[in-house]
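Colleague: Sequence below, structure please.
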Amino acid sequence: MDSPNFVTDIFLNPGEIYFGEKNIRLRTLLGSCVSIVLWCPGKKMGGMCHYLLPDTQENKSDPNKSTRYGIHAIDYFFHEMKKVRLERRDFIAKVFGGSTMFLKEEESLFDSESSIKQIGNKNVDFAKKILQENEIKILSEDTGGTQSRKIFFTIWDGEVWVEKK
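Modeller: Below you'll find the model as predicted:
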């Protein structure tokens, strides 16, 4: 599909999310955070989130339902789908991020099971689990490792580009 004549470029900071259509290109930069990209091929609409943690800490509530948590980001997507009368099964997903971003010198400060050291893995595991539970097919993923990622998503055609550094 050809690019639209006019494109709005939106950069997502950590904790931000966008859902919409047509002439939008979304971008973000990921380390241990994760982006879930959802796209509806039939309607040419979709979105991307950039979450920092899978969920709020145990016994701590988040009355604002901040999308810096994966659980609230996915709820936001589901709410937006409902507003435009689309079903979850109409969407495909792509998952990115979840790197281990500590230097070798820093890693020695944590034991191998440290929750801080494992946050990238936990973010990726959450994304895969929540998408599977909601029967949203993961078409592709680029997760884990030790590099940061720049993500570019064009809503008009569902294409995603990844640049690793």
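Colleague: Under a three-state scheme, what state does residue 135 occupy?
Modeller: coil (DSSP: H, G, I helix; E, B strand; the rest coil).
Colleague: pretty sure it is touching residue 88, no?
Modeller: Yes. Between residue 135 and residue 88 there is a contact at 6.4 Å, judged by Cβ atoms under 8 Å. For every residue, glycine as well, the C-beta is placed using N, CA and C.
Colleague: In terms of packing, which of those two has more residues around it?
Modeller: residue 88 (17 against 10; other Cβ atoms under 10 Å).
Colleague: The more buried one and residue 130, how far apart?
Modeller: Taking Cβ to Cβ, to the nearest Å as the measure, residue 88 falls 11 Å from residue 130.
Colleague: Okay, now the unreliable bits of this protein?
Modeller: For the chain, the stretches flagged by pLDDT under 70 are 1-2, 57-64, 102-117.
Colleague: what helix or strand does residue 25 sit in?
Modeller: Residue 25 belongs to strand 24-30 when assigned by DSSP states H and E.
Colleague: in terms of contact count, name the helices or strands touching that strand.
Modeller: Secondary structure elements in contact with strand 24-30, counted by 3 or more Cβ pairs under 8 Å, 6 or more residues apart in numbering; DSSP states H and E, are strand 8-12, strand 45-49, strand 149-154.
Colleague: ok, 10 Å please
Modeller: When contacts are defined as 3 or more Cβ pairs under 10 Å, 6 or more residues apart in numbering; DSSP states H and E, strand 24-30 packs onto strand 8-12, strand 17-21, strand 34-40, strand 45-49, strand 92-97, strand 149-154, strand 159-164.
Colleague: The spatially most central residue of the chain pairs with what?
Modeller: By Cα atoms, centre = their mean, the chain has its centre lying nearest to residue 35, at 1.7 Å. Under DSSP bridges, the beta-bridge partners of residue 35 are residue 96.
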